[in-house]
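Asks: return atomic coordinates for the entry below.
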Amino acid sequence: MTSVRYNAFLSRRVFDEFVADLFDFVHYENLGFYLAMSRVFQPLLVRPESPRHNHPLNGVAAEMLARGIGANTFADADYAGVYVLRRK
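Replies: Numbers count the residues shown, from 1 in each chain. Have a look, this model is predicted:
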């Protein structure tokens, strides 16, 4: 995968170890479902047009995830999940 210079990808294991002494883990929101819908299914749906960040499918995917639908689906596709941490 080609990445832009300002992106720095860390593995969850590395990040978890780094923050373990400073924060208590509260929750991790897996975004694999949203990423699969917006990065794979949406481009297939709209081709030959280019995918768009503001495509309605992205909104549907975000709403479904917010309601717990698909929360653990496509977990392996998650590279941008959201942590909720509490400072120790």
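Asks: and the most centrally placed residue in the chain, what does it touch?
Replies: Note on the chain: the residue nearest the mean C-alpha position is Leu31, at 2.9 Å, using C-alpha atoms, centre = their mean. Neighbouring residues of Leu31 by C-beta atoms under 8 Å, 6 or more residues apart in numbering: 65, 78, 80-82. Using the backbone N, CA and C atoms, a C-beta is placed for each residue, glycine as well.
Asks: next: Val46.
Replies: 52, 55.
Asks: begin at 477, not 1, for the rest of this chat.
Replies: With 477 as the first residue, the last one maps to Val522.
Asks: pLDDT wise, what is the residue nearest to the centre of the chain at?
Replies: Here, the pLDDT recorded for Leu507 equals 91.
Asks: how close does it sit to Arg488?
Replies: 12 Å (C-beta to C-beta, to the nearest Å).
Asks: any idea how far His529 is from the residue nearest to the centre of the chain?
Replies: Distance, Leu507 to His529, using C-beta to C-beta: 15 Å.
Asks: same question for Leu541.
Replies: 16 Å.
Asks: comparing the two, which residue is more hemmed in?
Replies: Just comparing Leu541 and His529: by other C-beta atoms under 10 Å the higher neighbour count belongs to Leu541, 19 against 7.
Asks: average pLDDT for the helix or strand hosting that one?
Replies: Assessed by DSSP states H and E, Leu541 sits inside helix 532-542. Throughout helix 532-542, pLDDT has a mean value of 94.
Asks: list the contacts of it.
Replies: 505, 507, 509-510, 513-514, 517-518, 521, 546-547.
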